[in-house]
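Student: Next one to model:
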Amino acid sequence: MTARHVAIILDGNRRWARKRGMKPWQGHDVGLEKLRKITKAAYDFGIIELTLYVFSAQNINRSSLEVNKLFSLLGRSCSEMLEDETIKEKEVRVRFIGNRDIFPKELQSLMHQVEQKTKNYDKCFLNFAAGYGGREEITEAVKKITREVKQGLIDPSSLNQQTITDHLWLQTDPDIVIRTGGEIRTSNFFPWQTIYSEWFFVKKLWPDFTPADLKKVLNGFNKRKRNFGK
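Tutor: Residues are numbered from 1 along each chain as shown. Presented below is the predicted three-dimensional model:
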């Protein structure tokens, strides 16, 4: 059994920084460097699709200083991806999943540029859940479906689960969800898509998570029996 799609909740950056007497955003900076290493390892391990929870819809309520630092890091990551040869070599399609309206226009533009530059790649997929919330995603899907019903594009009697899936920000289901940081909760992360995902809650804080830890999770996944309710 091979995991095609792995999703990760990158938790623990701030706690990692506080333990070292650092500012919270310094932990995010280290977390970004770890993200690069884990992304490369994921490709090497044969993962086809990687989804990373980098900024939730609720994170906007943090201090303006920390939020702006996070925006800056996300912008830097976008700029790097525009020049990243690995993305080109591996033919990685990059997508941003969530409500972009909460981000500055310049950052929205960078997101768009990355998506446009990689839109024709289809060997691997890298999704950034940014401005993302699971309930928000489902709410937006319902709004879209309602509009299309009113326009006569959808017959209400034909509505089914696939209709909802087709209107979500992310249409694929993760095989594995990893949450670092030791917390055991789902935090509004893809409630529709993860009903049969295998969850792994890892005690290590995100900046301490290593490719070896990822491999350990993949090995653990291979030992699990997935029944999908049957």
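
Student: all strands for the protein, in order.
Tutor: Ranges of strands in the chain, per DSSP state E, are 5-9, 49-56, 92-97, 124-132, 176-179, 198-201.

Student: can I get the ones you listed in CSV with mean neighbour count?
Tutor: Where C-beta positions appear, they are placed from N, C-alpha and C, glycine not excepted. As requested, the strands of the chain are exported to CSV (neighbours: other C-beta atoms under 10 Å):
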stretch, mean neighbour count
strand 5-9, 25
strand 49-56, 23
strand 92-97, 21
strand 124-132, 24
strand 176-179, 23
strand 198-201, 17
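
Student: Present those as a markdown table; the columns should include mean pLDDT and distance to K225.
Tutor: Putting those into a markdown table (pLDDT from 0 to 100; distance: least, C-beta to C-beta, whole Å) gives the following:
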| stretch | mean pLDDT | distance to K225 |
| --- | --- | --- |
| strand 5-9 | 98 | 18 |
| strand 49-56 | 95 | 22 |
| strand 92-97 | 97 | 29 |
| strand 124-132 | 97 | 26 |
| strand 176-179 | 98 | 14 |
| strand 198-201 | 97 | 10 |
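
Student: Which one of these lies nearest to L65?
Tutor: strand 49-56 (15.2 Å; C-beta to C-beta).

Student: Tell me the gap between that closest one and the middle of its chain.
Tutor: 1 Å (C-alpha atoms, centre = their mean, to the nearest Å).

Student: Next: stretch 223-230.
Tutor: On C-alpha atoms, centre = their mean, the centre of stretch 223-230 falls 24 Å from that of its chain.

Student: does the residue nearest the centre of the chain have beta-bridge partners, and which?
Tutor: For the chain, L52 is the residue whose C-alpha lies nearest the centre (C-alpha atoms, centre = their mean; 2.7 Å). Beta bridges link L52 to I8, F128, judged by DSSP bridges.

Student: Pretty sure A129 is one of the things it touches, is it not?
Tutor: Yes. L52 lies in contact with A129 (C-beta atoms under 8 Å); the separation is 6.6 Å.

Student: which neighbours do these two share?
Tutor: Common neighbours of L52 and A129, counting by C-beta atoms under 8 Å, 6 or more residues apart in numbering, are A7.

Student: in this protein, what spans have low per-residue confidence?
Tutor: 1 (pLDDT under 70).

Student: make it 90
Tutor: 1-3, 23-28, 59-63, 65-66, 86, 223-230 (pLDDT under 90).

Student: What ranges does it have for its helices?
Tutor: Per DSSP state H, the chain carries helices over the ranges 13-19, 24-44, 64-83, 85-90, 105-118, 134-150, 161-166, 211-223.

Student: other SSEs contacting the first one?
Tutor: Packing partners of helix 13-19 (3 or more C-beta pairs under 8 Å, 6 or more residues apart in numbering; DSSP states H and E): helix 24-44.

Student: From the contact counts, what lies against the helix it packs on?
Tutor: Counting contacts by 3+ C-beta pairs under 8 Å, 6+ apart, helix 24-44 packs against helix 13-19, strand 49-56, helix 64-83, helix 85-90, helix 211-223.

Student: nearest to G181, of these?
Tutor: helix 13-19 (6.9 Å).

Student: Quick check: buried residues in the closest one?
Tutor: N13, R14, R15, W16, A17 (16 or more other C-beta atoms under 10 Å).
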